[in-house]
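Asker: sequence first, then the predicted structure, then my questions.
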Amino acid sequence: MDTSIDAGSPAHVTRASMAIALTIASALPLGCAAKLDSKSANVDLPYPKEVSLILDEQHLYSYVQSSTSAPLYYYDLDTPEKSNCNDGCDPQWAPLWAPDDAKPLGQWTLIRREDHRSQWIFDRHPIYVHIHESAEAANSDGHNGAWHLLPHFK
């Protein structure tokens, strides 16, 4: 059973003093973006309305796409703050689009893609959704050795 928590909800405010573990570090070979490994973050940090924070049955938090509850991914071949998945690099992967008037929130910032649309990035990693996945089926972690789920947190 997943429990969604919106950024502005009272449940979110009551968690303000909790810390969660995230992962960021170890640089990839050939100057690729760093993998998300371990870092502490405060759950009180805001996040975009296109994203929800859920608590799963193992008591782990995850960010998912708000409209579909689909899991979120990052791509090893992106460089910090730049998407290298353009012009249909893999048609199964869609950027996590941001509205034109979006502003950075907490660890979430924005990039302008080659097509001039805005994409959300988390901790310097452009974020994507696999178009064939849902909340119940996150099966693409490690796809082609380059696509990875955003980590779960406690």
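Answerer: Received the coordinates, thanks.
Asker: so where's this structure uncertain?
Answerer: For the chain, residues meeting the criterion pLDDT under 70 lie at 1-43, 152-154.
Asker: any idea where the strands of it begin and end?
Answerer: Shown for the chain, the strands assigned by DSSP state E span residues 3-5, 19-22, 39-42, 51-55, 61-65, 72-75, 93-95, 97-98, 108-112, 118-122, 125-126, 128-130, 147-149.
Asker: just the ones you listed: most buried one?
Answerer: Highest mean neighbour count of those: strand 125-126, a mean of 26 (counted as mean count of other CB atoms under 10 Å). In this view, the C-beta of every residue, glycine as well, is placed from N, C-alpha and C.
Asker: ok now that strand, how far from the chain's centre?
Answerer: Counting by CA atoms, centre = their mean, to the nearest Å, strand 125-126 is centred 8 Å from the centre of its parent chain.
Asker: now swap in stretch 54-68 and tell me
Answerer: Using CA atoms, centre = their mean, the offset of stretch 54-68 from its chain centre is 11 Å.
Asker: same question, stretch 113-131
Answerer: Per CA atoms, centre = their mean, the displacement of stretch 113-131 from the mean C-alpha position of its chain is 9 Å.
Asker: cool, stretch 135-144 as well?
Answerer: The mean C-alpha position of stretch 135-144 is separated from the chain mean by 14 Å, CA atoms, centre = their mean.
Asker: for that stretch, how far is the first residue from the last?
Answerer: 21 Å (CA to CA, to the nearest Å).
Asker: again with stretch 45-65
Answerer: So stretch 45-65: terminal residues 17 Å apart, CA to CA.
Asker: how close does Tyr75 sit to Gly142?
Answerer: Tyr75 sits 12 Å away from Gly142, going by CB to CB, to the nearest Å.
Asker: who touches both of these two?
Answerer: His148 (CB atoms under 8 Å, 6 or more residues apart in numbering).
Asker: grab the nearest non-local neighbour of Ser134.
Answerer: Once flanking residues are discounted, Ser134 sits nearest to Ala70: 5.8 Å by CB to CB, 6 or more residues apart in numbering.
Asker: ok, the one you found - contacts?
Answerer: Applying CB under 8 Å, 6+ apart, the residues contacting Ala70 are Val64, Val129, His130, Glu133, Ser134, Ala135.
Asker: sounds good, over and out.
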